[in-house]
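sequence first, then the predicted structure:
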Amino acid sequence: MSAQKNPRKPRALALAAVKRELAEVARIGQAFVDGDLCRKIYRPIGETFTNGDDIDFEPAACVPLKQTLIRIERLARLRCVCALWRRRPDRPKVGEPTLFGSFASPMHIYRPPMSGSTRKFDPPEMFAELRTAFRGRPVWKITPSANAASAARRGFSARIRGVGPSTFVELFVPIKDSMGETAAVLEVFIATPER
């Protein structure tokens with residue numbers, strides 16, 4: 001009779017260690033994400049889109065930014081995800097996720113209606129952490145969410161001591177343009193598995 005192996009769960013990491021790793025990824029992102037390109041990610045007609053599934057990205061800006069997000073994710077010792085947020089030019093109190101690396105932002109809670117829909121697109125105002133990052137300061141957010149399980153199944157997760165199951169640990173940092181102004185916000189996050 002052969003002995004059956006008892007698969008062990010990976011050892012839980014300290015929250016401080018996870019935050020250090022995400023902060024390092026965010027620091028590198030602040031150096032390599034081009035803030036001037038962030039301002040040009042949409043074609044002029046798409047900057048204030050309110051309807052449809054074609055957001056009208058500007059490929060000359062969008063493609064290098066997407067590649068940069070994916071490369072930054074690969075630098076981490078923990079599998080994390082990056083996303084870029086922008087301030088809407090037509091509604092400065094509204095911030096919206098613009099571009100995702102390998103997975104959608106946990107705070108991406110709305111999307112415009114499809115073409116032909118009569119539903120009005122009314123994105124919510126920025127949540128507190130996003131406002132803080134657009135003011136130029138990094139900020140942490142810990143968000144319990146059923147969506148964390150989906151990120152965890154894709155491998156963007158770690159067991160973290162003191163953080164419950166199905167939770168996102170997120171860091172929001174400002175991305176500056178060549179004039180030193182905040183052009184976008186970089187979100188770096190990881191999820192905890194369901195159990």
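Okay, I see it. Residues are numbered from 1 along each chain as shown.

all contacts plus neighbour counts: C-alpha atoms, from now on.
OK.

contacting residues for the spatially most central residue of the chain?
Residue closest to the average C-alpha location in the chain (C-alpha atoms, centre = their mean): residue 83, at 3.0 Å. Neighbouring residues of residue 83 by C-alpha atoms under 8 Å, 6 or more residues apart in numbering: 69, 97, 98, 99, 100, 101, 104, 105, 186, 187, 188.

relative to residue 172, which of those is nearest.
Of all the contacts of residue 83, residue 172 sits closest to residue 187, with 4.5 Å by C-alpha to C-alpha.

give me the pLDDT for that closest one.
Residue 187 is assigned 96 on the pLDDT scale.

before we move on, the earlier item: now, of the contacts of residue 83, which are buried?
The neighbour-count test (16 or more other C-alpha atoms under 10 Å) marks 69, 97, 98, 99, 100, 101, 104, 105, 186, 187, 188 as buried among the contacts of residue 83.

given the helix or strand hosting the second one, what are its sheet partners and their directions?
In the assignment (DSSP states H and E), residue 97 maps to strand 95-100. Strand 95-100 has these partner strands in its sheet, going by DSSP bridges: strand 81-87 (antiparallel).

and which of the contacts of residue 83 is nearest to residue 61?
residue 99 (11.0 Å).

surely that closest one touches residue 66?
Yes. If you go by C-alpha atoms under 8 Å, residue 99 and residue 66 touch, sitting 6.9 Å apart.

hmm, back to that, what mean pLDDT does the strand holding residue 97 get?
In this model, strand 95-100 carries a mean pLDDT of 88.

next structured bit after that strand?
Sequence-wise, the next helix or strand downstream of strand 95-100 (DSSP H and E) is helix 128-134.

what residues of the helix or strand following that following helix count as buried?
Counting by DSSP H and E, the next helix or strand C-terminal to helix 128-134 is strand 139-144. The neighbour-count check on strand 139-144 (16+ other C-alpha under 10 Å) flags 139, 140, 143, 144 as buried.

could you do stretch 173-183 as well?
Buried-residue list, stretch 173-183, by 16+ other C-alpha under 10 Å: 173, 174, 175, 176, 177, 182, 183.

can you check stretch 149-163 too?
149, 150, 151, 152, 155, 156, 157, 158, 159, 160, 163.

the fifth one touches residue 102, doesn't it?
This points to residue 155. No. Using C-alpha under 8 Å as the test, residue 155 is too far from residue 102 to be in contact (10.6 Å).

rewinding a little: go through the buried residues of stretch 173-183 and flag which are in strands.
With DSSP state E as the criterion, strands contain 173, 174, 175, 176, 182, 183 from among the buried residues of stretch 173-183.

for those residues, work out which two are farthest apart.
So, those by C-alpha to C-alpha: farthest apart are 173 and 183, at 11.0 Å.
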